[in-house]
Every structure is written in C-alpha cells, then in structure tokens.
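Visitor: Here is my input, please return the structure:
(chains A, B, C and D, ligands or ions: 2)
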Amino acid sequence: MKRIYFDHSATTPVDKNVATSVLEYMTDKFGNASSIHSFGREARRAVEESREKVAALIGATPNEIFFTSGGTEGDNLAIKGVAFANRKKGNHIITSAIEHHAVLHTCDYLEKHGFQITYLPVDEYGMIRLEDLKNAVTDKTILISIMFANNEVGTIQPVKEIGAFAKERGIYFHTDAVQAAGNYPIDVKADNIDLLTMSGHKFYAPKGIGALYIRRGVRIESIQHGGAHERNLRAGTENVPGIVGLGLASEIAKNEMNNRVERISKLRDKIISEVSSNIPHTKLNGHPKLRLPGNVNFSFLYLEGESLLLNLDMKGIGASSGSACTSGSLDPSHVLLAMGLTHEVAHGSLRISLGHDNTEEEVDYFLEVLPEIIDRLRAMSPLYGESAELKPANPCSNCHVH
Amino acid sequence: MKRIYFDHSATTPVDKNVATSVLEYMTDKFGNASSIHSFGREARRAVEESREKVAALIGATPNEIFFTSGGTEGDNLAIKGVAFANRKKGNHIITSAIEHHAVLHTCDYLEKHGFQITYLPVDEYGMIRLEDLKNAVTDKTILISIMFANNEVGTIQPVKEIGAFAKERGIYFHTDAVQAAGNYPIDVKADNIDLLTMSGHKFYAPKGIGALYIRRGVRIESIQHGGAHERNLRAGTENVPGIVGLGLASEIAKNEMNNRVERISKLRDKIISEVSSNIPHTKLNGHPKLRLPGNVNFSFLYLEGESLLLNLDMKGIGASSGSACTSGSLDPSHVLLAMGLTHEVAHGSLRISLGHDNTEEEVDYFLEVLPEIIDRLRAMSPLYGESAELKPANPCSNCHVH
Amino acid sequence: MYTEKVMDHFSNPRNVGDIKDADGVGEVGNAKCGDIMRIYLKVDNNDVITDVKFKTFGCGAAIATSSMVTEMVKGKKLDEALEISNQAVAEALGGLPPAKMHCSNLAADALHEAIKDYITKKGK
Amino acid sequence: MYTEKVMDHFSNPRNVGDIKDADGVGEVGNAKCGDIMRIYLKVDNNDVITDVKFKTFGCGAAIATSSMVTEMVKGKKLDEALEISNQAVAEALGGLPPAKMHCSNLAADALHEAIKDYITKKGK
Ligand SMILES: Cc1ncc(COP(=O)(O)O)c(C=O)c1O
Ligand SMILES: Cc1ncc(COP(=O)(O)O)c(C=O)c1O
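Guide: Numbers count the residues shown, from 1 in each chain, chains lettered A, B, ... in the order given. Ligands and ions are numbered 1, 2, ... in the order given. Below is the predicted model of the structure:
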C-alpha cells in the first residue's frame, strides 16, 4: 500500500540532498570542529557556512545563531537563560496558554524558582489579544514568549505587533518558531524579535539539531555546562553533520519559500473547503486565514480522534489529533481547550499537516476515504443519531486522575 | 596526500553500516516516534530496539537507558538531576580534578547554587586514591562523580572499587564513561555504577546523540523541560536516526570489543615503546598500564604542542595536544597540571588516540616522521641546547589574564 | 502499540449497532474523557444472553474492548457474564498499552450496567 | 584558522638560528605561558640591521610572527625597526586569530629588546 504522510508538523522526512550532505559529514568529513588539524578545520568551515545559511533564512547575522539539539532545548535555553540572567531586573514572564509544552513546562519550572508567569488567553481562533498583553506587563516583566505559529491549529500570532510593543517597553521578546521557521517567511529584524527558536526536523533537516537566534546584546546565560563551544553559550561537541543539514535545509527553504507556501496553501485550502462542504457536523479549528500554509485542523463531532487516526492509518494515511488518547495525557489538547472547545469536541479533532512533498492526488485520495471513515465511526457512536439521548449510568470518575 | 587520523578521543568517523542505517531513518523511515500512525510506530520500534542494544553494551536493562544529545548533556543531567532531586539528603558532591569540563563546569554551577564540591587530587599517573575518596565523604555527600577513563591521558580509574565503596555508603556513583563506553568493556552491575554517561561520536556513532544509564530506583529530576519523552526525564523529539546509529554502534562495539582492544593496544604499545626509546627528553603521561587501549600521551620537552600538531598536520597526521594554544584557554590542560606537570612540560604534550580503523602502516609512517619534526622544533627552540641559558628580559605578564 | 488482536477487533468490530427492543441497556464513561460505551442485550427466559450489540465513542482500545466483550458474552448466562472483568477483556485481547488500561477499558462495566438494567426492568 | 601567509612563515620560517657574536639579543615571553621568542641582531656602524636570527618556543603564531619580524627588519635602520609594532607584524601576516593576538604576538617586543640590548652594550 502506498503510504501518505500528512503529519509534517510532527516531523518531516529529511530532504535527499540534505541527507547526502549529512552522510558526507558523518563519514568522509567527520572531524571535530574544535580540532586544529585538517579534519577539524574542514568541519569548522562547514559549521560556519551553515551558520550563515541559517542566519540568512531569518534575516539574522551569523554570530546571532547558536546551534542546539532541537526546539525543546532552544526554548529551554531562551527562557531559562534570559530569566536567570535578568533576574535582578525582574521576575515576571508573559507567555500564552497555547504554547508548546517545551515553553509551558519550562515556565512551570521557573515558577517553582521564584518567577511569576502570566499565561495570556486566546480567542476562538487561537490568537492572543494585544490588549491582554499590554495589560499584563508590569515593571518586573523581563520576557515575553509568544509562539510564532501554533503547532496544532496553525494560527499565526501578531508577531510584528508584539515585537514592536516589546521593543518600546524594553522587554525581551522570544518566539518559539519551531513550526514556522523554514515553512513561513520570517524576518527577525523587521519584527523586532530578540530570541527565536527553530528545530531542524520540522523543515526537512535531521532530528536532533536546532538553532536559537539571539539578537546581539541580549543578556542570557547558558544552561548546559562544559566546553567553550558556541561562544561559551552551549557546551558539547558540535553536531557537525546535523549543523550541515540544518544549514542546507535553511538555504533550500529560503530559495523555495514562495513556491512552497503557494503550493501547500492551495492544497490546504482545497481540503478545508471540501471537508467543510461535504462532511456535516464539523468545525474548523484555528484561524480561517492567518494560519500555517500546511495546517488543517477539524473537529468532527460525535467521534474520537484516535480511532479516526487509526482508520486513516489503515488506509495508509498518517495524521494526528488533539485527542487525549494521542496526547499522552488524560486531557485533550490544551490548545483546543484554551480556544474554548469542549472536551468532547476537542477529542474529535484531526490535524492534517502538509509538506511540499505532498501531491494533489494524495489530497484527493484523502478526501475520498475520509467521509466513509467518519460515517462508519459516527454510526458506531452512541452520541450520534437517534440513540444519542441516553445518559451514561456511570460517568467515569477515574478519568481525571492526574 | 593520504591523511591519517589519530584523534579518536576527539571524535570518530561514523561506521559505514551505522551511517547507512542513520540515512535510512532520515529519509525512508523518518517518522516521529511519538506518532501513532505507521510512520511513527516504525520509528518507535527502532528506538526501543536501540535501547536494548545500548543496554546490552554496558550490562544494563533497556529501561535504564535514556537518550540524550551527547556526553555533555548526559553529564549535566546526571549531576544536576541527582543534585537537585536529592538536595534534602545533602549538598555535598565528590569529583576529581581531572574530569572533563562537562563535569567540572557543571560542578562550578552547582557550587553557585549552594552545593559543596570536593575535587579529589590525582597521582602522577592521573589516578585518584581511594583513601582520599574515603576521607572526603561526609554525611552530606549525595554523589560521587569520577570518570571511567580520562580523555587526555587515558588513565582508567578504579571504578569497581569506587562503586563498591559508594554502594556500601549509600551514595550515588556517576561515572563519565564518554571515552570508555564502546571502546573498553563496561559492566554497570558488576561495578555498582548508578549513572553512566556515554556519547555516540566517541565510538563510531554520530555526533549529537548519547545516552545516560540510570540504575532503576535512582532519584533524579529532569533538566530539560517539555514533552513527556524518555519517560518524562528528557523532553524533546527523539533523535531517531541518531538513536538507531547509537544502537547499531553499540551492538558492533560489543561484538568487536575483544578484537579491537587487542589490536589497538598493540599499536599503542608499539608507539609508546618506539617513541620512548628513540626520542630523548620525552615523558609518557598517564598510567603505564591502566590506560585506554588507544591512548598515547607524551610530553616532548623544549617544544610547544600546537606547533608540533601543525607540523604533523602538514604530514597528513591529525592528533591533539594539551597545550594552552589548543585548549581554548590561556592555561595548558588542567589534567596534566593536576598530575604535577609543570606548565612547560604540559605545553609540549601530544595525544595520539587510535581507533580500530588505524593500521600498522600508519603507525610506522608516524614513527618515521615524528623524530624529524621534533628535532626541527627543538632546533628552533631557545630552551634547547647550548643557548638555553639566557633568561627572558620581559617575562610576559599579560599571559595570565583570565 | 496495539496487539494484532486489538487491531482486528478495532478494524472489524463484532456486533456493532443497537437493539431496538433491548431487554437491557448499559452505558459507562463520558464524552469529556473521550470514551463512552453502550451495550444492548437480549436475554431469554433462561437468563441466557441471546443477542448483544454495542455502540462506542472512543479510541482504538475502547472500540476493541467493546467488540471483544460482546463476543465473550454471547450465549453466556447472566451470572457467568457478571464474572467477566475489564482485566479479563484486556487479557482476551492479548493485553493493552498501560495508558489504555484505565479509561478505555470499561466494556465489562458497560456490560454489567446492561445486566443491572435488565434485572431492574424485569423487576427482580 | 591561520592565514596562508602565517602557514608559509610557520612551515618555512626565515632566519631561524642564532648569531654567535650578536650585537644585541632580546628575549620575551616565558615557558609557562607557552611562548618564548629570542631575537639576535647584527648591526653595522650606520645603525643598519645587517643580520637577524630568531629562536622561538611556541605555537604557530609565535613562530610565524618571529619569522615575519626578521624579514621586516633586515636592512632597516634601528629607529625604523623600533617603529615596528606587534600589530604591524600581525598585519603583515594577513591577520592572526583573536586568541593569538595577545601572548603569541610578541615578536616585535623581542626585536625591541634586542635593540635595547645593543644600545646598552654599545654604551649609548
Ligand atoms: C511549537 C513547537 N515548539 C517546540 C517543539 C519542540 O521541538 P523539538 O521536538 O525539536 O524538541 C515543537 C515540536 O515538537 C513544536 O511544534
Ligand atoms: C571524558 C569526556 N566527557 C565528556 C565529553 C563531552 O561529550 P560530548 O562532546 O559528546 O558532549 C567528552 C568529549 O568531548 C569527554 O571526552
């Protein structure tokens, strides 16, 4: 069976050319970039060239790019690094309720260490309100961390406005751009971004590599201690093959950006319009316009997301859901709940995330099989149709053990 | 010019078969191990199989293996994770003066956060004394962190005795085995090791991947926050290709261990004996017997290490030195100084670290070119020969700016 | 993550549907948790379960356990059916992932509710 | 890390050696730091440097700067030679890595010491 991959927000296949370069730097050009012999110098050169390419993707300068092991490390370094380095200035951080756990759990950690965190709410489209942000600032606020684009519903935040406001108030602005970087145009200077997290495996570079952009002059301290790598900010032997991969993927992303955004958006819009008109009892999650080119997120009422995913998987289609059953916790997606969805509706969500390797045929096949699956699951559902009146005798009380 | 790589302690080339597997998991089998569709399940299976292979290499069980981004992260996680999780029991940690910076700088950090660190001295061979360890323990001691084998001089510590002592006193024992793992037999159960750090790129797996062994029951907390990966201990999308590479490299290392140790030790011993007998004014650094199979470390009096390395590099040979000029700081290797070498002698050190891919021909070529280079540098040295009596007029006072 | 048997019951669930004139109906779970299971029973005069159907809103495990339990009870006497536990259902499926043992493994509870309903209705 | 010019002077250093009956000898640095440079001068009656040699213990930069400075001063008058700075030597080599600008770039200092030594000896 042909397999179709519609889960690019979870991870992407490594671009063939990128993979070839990574392979070369694992085998022939395997030196440690800190070594002074020719093997080392060859690696060092590659690292610095990659730094330039990554910087170019987001409009930064190379010495503002620091390589990390991925998005989670980048978020931890940005937030903890700024928090501890600026502790004397203040202990208040503003973020949003729909951040990735890499941000939210880092903030939880900081709360235990004396910081105060404000979690901005979002509207029904998953968008923060600038008014809320402005009202939340105190004279102790040292950092605003708002994601560029949401990983579940794709909503793109008003980053430029946040950046301008943060600059005006002299507060650092970090954005988790793990979903956006490489997939959507970003200009850190135009948007006044002070720190920006990116992760390679979300845009056709390998897993285990990422970068943190830190505007020159931002006061930050390291969180991983050891050697003097990355100008003393991030200890650990440089992952040269990963860095080379990230650099090349950044270069490709920059060159292909417009093409890809246009092509992928078209596929996205086709899915959204067909599903909306052909399948009853559905709700589009996320912003109707301001969303990632590849993101589709629907709730299908009366059914549960995991069983939908498994049915799609049996048809060869890989997708994801905000259902509790797939989130690793007992609650459905905190993002969907923050947008005001009920638990029931959140459980029935389906995320399709498209990549540039997807085709119109794949989309058509999906649109063909989806309605049958949904019909079948709804037919099986006690919440759907005439029998939906009955009330459960024993509302599972075990469920909310956390 | 044929290039010869004698710097395996800095990093190793990725094994061809390992690289092929890594490539496969970057492209065809690129799924996110947390996804429930077939792409994800395929990745999950590979991750768990690798966990078994890594565990088998060191005599652990798979659920005691946690994947990290490398040795530095492993050391940070082990030491900070145990320190903060056991803070109530005590705040004293014992380590040695010759640890890698990943351990030493992590300890510096903990010192700033209320922990007390004892740095055990070493003897002239770079070996700690068990008596010193025993005397250092207090009722506040929660962790002993002593490296398995030193990265510069190769000395192998009395790990079994340390483990037995730590167990008897109910203190956790962590060992940084970044140099030893995969290159020297290790049995964590026989040696009573509670935590052990390893790094892939030191034994023919890729850079950017490592593992921390944590004996079941050890109380530890996470230092990188985010998703629920690695049983909630290490957040961040699993680096599946890296993990697959680490697993396969572990399997190969286990199968080839005896062969490799024997072959490499022979080459090492040949270099040590030939250099010792043919080049005057040299000093073998490290233990004469209890050293890593691939490690050779000499000090050549009256010359400086970087210029020696550059000359070797011009002959196609990649090696390393503990000279200040190559350490990134103004002082020569803290390891050599801790072993009682003077600055002068430390500056003139050369480390050759052999791998299983080195041949006897390579060794012979090295033995042939080395004496000429040393003669040439010594002939150029104001410290050597009859003119060595003069005293500098202006003992550089800028040097010790730190 | 799921055993072959779970996937078999999930992809070809047995006895899906409702019974219009059921002798007993039981439902457990709630939509907030993401799992609701409803079981319909037909019971003859000898207290033998002659027909059973289910409707389930929930994940793979929820659907598979529902399907499994209907297979296990068909033709059984009520007192035997009451002895079937959630654990037994999971075992019959070759096991469930640990995370699924709690909320999604309630099919036996739904069965027991249906039997209770039958008994109540019968006025015993 | 090093420029081609540095590597050229490092691998083919000019004027290595000593001058037995030197008119001036200057040495700076110390072995603890890892860099010692010694310069030998022959100076004629017109204060022109007619010969210059060096001996250096140190890294690539130390050797290259020593070699470079000897090239720069040969045939120069002493007052011109005194104007050569460490910075000028580094520039003549096309630059040095930042970490090397401090301790390993002392060749001009050694030259100046040698000139001082000559002047002292000459009793001026
Ligand atoms: C928005 C966002 N932030 C952070 C992360 C974490 O990145 P990584 O998995 O590379 O650690 C992800 C993806 O998992 C993400 O989507
Ligand atoms: C003994 C030792 N510990 C820790 C490390 C750090 O490992 P990594 O470079 O993989 O972060 C190294 C190597 O650099 C090492 O040799």
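Visitor: Could you use CA atoms for every contact and neighbour count after this?
Guide: OK.
Visitor: Close to ligand 2: what parts of the stretch 101-250 of chain A are there?
Guide: A:236, A:237 (Cα under 6 Å from any ligand atom).
Visitor: Quick one: the strands in the stretch 101-250 of chain A, in order.
Guide: Applying DSSP state E, counting those that start in this stretch to the stretch 101-250 of chain A gives strands spanning A:116-120, A:141-145, A:172-176, A:195-199, A:210-214.
Visitor: now do chain C
Guide: Here chain C has its strands, by DSSP state E, at C:24-30, C:35-43, C:49-57.
Visitor: what angle do the second one and strand C:49-57 make?
Guide: Taking axes from the mean of the first three to the mean of the last three Cα atoms, to 10 degrees, one finds strand C:35-43 and strand C:49-57 inclined to each other by 160 degrees.
Visitor: Equivalent analysis for the first one, please.
Guide: For strand C:24-30 against strand C:49-57, the angle by the same axes, to 10 degrees is 20 degrees.
Visitor: Strand C:24-30 and chain A, are they touching?
Guide: Yes: Strand C:24-30 reaches chain A (Cα under 8 Å from any Cα of the partner chain) through C:26, C:27, C:28, C:29, C:30.
Visitor: beta partners of the second one?
Guide: Yep, that's residue C:27 we're talking about. residue C:38 (DSSP bridges).
Visitor: how close does it get to residue C:51?
Guide: Remark: distance between residue C:27 and residue C:51 (Cα to Cα, to the nearest Å) = 17 Å.
Visitor: sorry, back to before: just the buried residues of the residues of strand C:24-30 next to chain A.
Guide: Buried members of these, counted by 16 or more other Cα atoms under 10 Å in any protein chain shown: C:26, C:27, C:28, C:29, C:30.
Visitor: so the second one sits right up against residue C:113, yeah?
Guide: What that stands for is residue C:27. Yes: the criterion here is Cα atoms under 8 Å, and residue C:27 meets it with residue C:113 at 6.6 Å.
Visitor: Where does whatever residue of the stretch 251-400 of chain A ends up closest to ligand 2 sit: helix, strand or coil?
Guide: Nearest residue of the stretch 251-400 of chain A to ligand 2: residue A:251, at 26.8 Å (Cα to the nearest ligand atom). Under the three-state scheme (DSSP: H, G, I helix; E, B strand; the rest coil), residue A:251 adopts helix.
Visitor: dump the residue contacts of the closest residue to it other than its chain neighbours.
Guide: In this structure, residue A:251 finds its nearest non-sequential neighbour in residue A:53, 5.6 Å apart by Cα to Cα, 6 or more residues apart in numbering or on different chains. Shown in contact with residue A:53 (Cα atoms under 8 Å, 6 or more residues apart in numbering or on different chains): A:62, A:247, A:248, A:250, A:251.
Visitor: Equivalent analysis for residue C:74, please.
Guide: C:49, C:50, C:51, C:52.
Visitor: Could you take the residues you listed and lay them out as TSV, with extra columns for distance to ligand 1, neighbour count and pLDDT?
Guide: Below are those laid out as TSV (distance: Cα to the nearest ligand atom, whole Å; neighbours: other Cα atoms under 10 Å in any protein chain shown; pLDDT from 0 to 100):
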residue	distance to ligand 1	neighbour count	pLDDT
C:49	49	21	97
C:50	50	14	97
C:51	47	19	97
C:52	43	28	97
